[in-house]
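Asker: compute the structure for the input listed below.
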Amino acid sequence: MRNSQSQEILLSRLSESTRAISALPGCRTASKKIYCYLVRRIKLLSPLFEELNDSDEELQDDVVTGLELLGIALNSALELLKSVHEGSKILQALQLEQISGKFHHITEQIEEALSHIPYTTLDITEEVKEQIELVHTQFKRAKGKMESPDLQLEMDLAIAQRERNPDPAILKRISEKLHLRTLEDLKRESLAIHDMVIAHGELPEEHSETMSFFLKKLKDYVMMENPNFDSSEDDKSFVGHTSPVIPDDFRCPISLELMKDPVIVSTGQTYERSCIQKWLDAGHKTCPKTQQTLLHTALTPNYVLKSLIAFWCESNGVELPKKRGNCRNKRSGVGGSDCDRAAIDALLQKLANGSSEEQRAAAGEFRLLAKRNADNRVCIAEAGAIPLLVELLGSPDSRTQEHAVTALLNLSINETNKGTIVNAGAIPDIVDVLKIGSMEARENAAATLFSLSVIDENKVAIGAAGAIPALIDLLCQGTPRGKKDAATAIFNLSIYQGNKVRAVRSGIVPPLMRLLKDPGSGMVDEALAILAILASHLEGKVAIGESDPIPVLVEVIRTGSPRNRENTAAILWSLCTGNVQFLKLAKDLGAEEVLKELSESGTDRAKRKASSVLELLQQVEAVSS
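Answerer: Have a look, this model is predicted:
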């Protein structure tokens, strides 16, 4: 056997990997289907690690070996998923078969690891055993077959490459399939290609020209379809704007100006040639941005970035710089993210020492900056703004409070910032805003608590701070958006057993049942998801049973969506196990017929639950006869 400390570390790492994968954004590439399948299945493993961590049982060596294999597989899965999310959509479309093969290999790894874990003998609840068995079955099935490629996309790509001027209908389908519909989308694609060049030094040789071809053709198609194109509200830096914002990656880190002749140094960083040459001529042996020692002083032209800059300039009506780069000592970005540190420092002074009006305005600026991009979120946190924003949560000015909580919400998108926010003592103050703030502030407080609760230990702290009664109040009285935010937070918090009890004892079941019985509420999906997780706990099961649930549950199984029928079957199984009265009522309401249909045509989990309830109904019938 292994010692308990090693066991705890192993389980903690598994939970961390699962959280990181669960927190990944949705996929908008040609690999969307297999990406989503893998993320969804891995998410379902989380309760296993949580319950093993809560258990006092010391794991046997074979269990630990299986978990270690699973940890390796999950780390590989995280790397693959991140590369797909962040990578070039065009390249992924050209490499669909190779990427599908990588996903298949990961699937095999995870299935093999699960085969080494005797989860049926572990000290975990029957519900979790069933869930892990279901996930294992899904991985087995997925291992046995490769995902079929998108034949229409492959055909369109092949035809487009053969023609100098592809049919607009083909370009439209490619644009839609790859989610490259706007100049903003194409700008992100350009930057993804640039990042790949920086990381690997070059593009895949066999696809380099093809990628440039499609980037240009898709841009021409988008411009043709949108001659008067106006960009999103958040970023007006495109066609027709008098002062377009230069993408950070197109600026030289030394001069902070648009690069004309970008070159790569040995650390992989890109600079304007004249600027880095002056740096080297001055006797420096390090990379200005990373401070790493340069292995050599050779400068490699970054042709891909140069073409991307030209593409951006053409799209924005910007003339490429004709003079040598001006390398005056403008180095505020060196050693960190490229953002306006001087502006951030000025805003910090207003937060700390300004008048009420200045604090409100500064909090509003931080709110917008943190929403804009990832670099700003890092810079703002590093500058020390989070504790000051937490202080403003208690402001008597409602608008200042709204700005502060929303800024923290936007900052919490960064995983490191989540810890900083919690360590600044924000949770009790966010809960206070949730209780007494304006409706907008309450909604964003609920969303912030959801964001922070992605980390398991925060679930405990948020529940202990009294968030659940306030979330239930928002669920009952909030706007449609507020209700959604509250429901999402409650669901995530209720993954922790203690919060299930808090939610039930705070009276969550009656409002959930009201939402469930009112299809016009738009909250049926959320209500069923929360009820399903509460029904796995005895107190939750009892509370649901007291609200006359059987008629509405049978009706949802008869008419609901696949996901809702699945959750409803799980709730019905929990309620009917050991309850003859509920079984008889369900039978009288015609549950047997709809359950038989669900056991044949529902999702895998729905089939299992429906079959289990049918067995219970048959047992009751046998006893009665």
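
Asker: dihedrals phi and psi, the residue lying closest to residue 389 once chain neighbours are set aside?
Answerer: Leaving aside its sequence neighbours, residue 389 sits nearest to residue 404 (C-beta to C-beta, 6 or more residues apart in numbering; 4.8 Å). Heads up, the C-betas are built off the backbone N, CA and C, glycines and all. Backbone geometry at residue 404, expressed as degrees, to the nearest 10, gives phi -60, psi -50.

Asker: quick check: what element follows whichever strand or helix holds residue 271 along the chain?
Answerer: Using DSSP states H and E, residue 271 maps to strand 270-272. Per DSSP H and E, strand 270-272 leads on to helix 273-281 as the next helix or strand towards the C-terminus.

Asker: how about that following helix as CSV, C-alpha atoms only?
Answerer: The C-alpha coordinates for helix 273-281 follow below in CSV (Å, rounded to 0.1, in the frame of the first residue of the first chain):
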residue,chain,number,x,y,z
ARG,A,273,15.0,43.9,-36.8
SER,A,274,16.4,47.4,-36.3
CYS,A,275,15.4,47.4,-32.6
ILE,A,276,16.8,44.1,-31.6
GLN,A,277,20.0,44.8,-33.6
LYS,A,278,20.6,48.0,-31.6
TRP,A,279,20.1,46.0,-28.4
LEU,A,280,22.7,43.4,-29.6
ASP,A,281,25.1,46.1,-30.8
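
Asker: okay, the nearest residue to residue 294 once chain neighbours are set aside: pLDDT?
Answerer: Nearest residue to residue 294, sequence neighbours excluded (C-beta to C-beta, 6+ apart): residue 266, at 5.0 Å. Residue 266 carries a pLDDT score of 82 in this model.

Asker: just say helix, strand or coil for residue 266.
Answerer: coil (DSSP: H, G, I helix; E, B strand; the rest coil).

Asker: what's around it, how many residues?
Answerer: 15 (other C-beta atoms under 10 Å).

Asker: any idea how far it is from residue 28?
Answerer: Per C-beta to C-beta, to the nearest Å, residue 266 is found 34 Å from residue 28.

Asker: you'd agree residue 19 is up against residue 457?
Answerer: No - with contacts defined as C-beta atoms under 8 Å, residue 19 does not count as touching residue 457, sitting 10.9 Å away.

Asker: follow-up on the earlier one: need the contact list for the residue nearest to residue 294.
Answerer: By C-beta atoms under 8 Å, 6 or more residues apart in numbering, residue 266 lies in contact with 287, 294, 295, 296, 297, 298.

Asker: ok, the first one to residue 272 distance?
Answerer: Counting by C-beta to C-beta, the gap between residue 287 and residue 272 amounts to 14 Å.

Asker: between the two, tell me which one has more neighbours.
Answerer: residue 272 (26 against 20).

Asker: list the contacts for that one?
Answerer: Counted by C-beta under 8 Å, 6+ apart, residue 272 has contacts 252, 254, 255, 257, 259, 260, 261, 262, 263, 325, 327.

Asker: what about the third one, which SS state?
Answerer: To tie it back to what came earlier, the one meant is residue 255. coil.

Asker: surely it touches residue 275?
Answerer: Yes - Residue 255 sits in contact with residue 275 when judged by C-beta under 8 Å, with a separation of 5.2 Å.

Asker: more neighbours: which of those two?
Answerer: Comparing residue 255 with residue 275 by neighbour count (other C-beta under 10 Å), the higher total belongs to residue 275, at 24 against 20.

Asker: buried residues in stretch 19-33?
Answerer: 19, 20, 21, 22, 24, 27, 29, 30, 31, 32 (16 or more other C-beta atoms under 10 Å).

Asker: ok, stretch 122-132 next?
Answerer: 122, 124, 127, 128, 129, 130, 131, 132.

Asker: so what's the last one closest to, chain neighbours aside?
Answerer: Right, residue 132. Closest to residue 132 by C-beta to C-beta, 6+ apart is residue 119, at 4.8 Å.

Asker: equivalent analysis for the second one, please.
Answerer: Once its chain neighbours are removed from consideration, residue 124 has its nearest residue in residue 51; the separation is 4.3 Å (C-beta to C-beta, 6+ apart).

Asker: ranges for the helices of the stretch 51-200 of the chain?
Answerer: Assigned by DSSP state H, counting those that start in this stretch, the helices in the stretch 51-200 of the chain fall at 61-86, 89-94, 96-115, 126-143, 151-162, 168-177, 183-200.

Asker: out of those, flag the one nearest residue 510.
Answerer: Across the helices of the stretch 51-200 of the chain, residue 510 has its closest neighbour in helix 126-143 (23.6 Å, C-beta to C-beta).

Asker: neighbouring contacts of the closest one?
Answerer: By C-beta under 8 Å, 6+ apart, helix 126-143 touches 37, 41, 44-45, 47-48, 51, 104, 107-108, 110-111, 114-115, 119-120, 122, 536, 604-605, 608.
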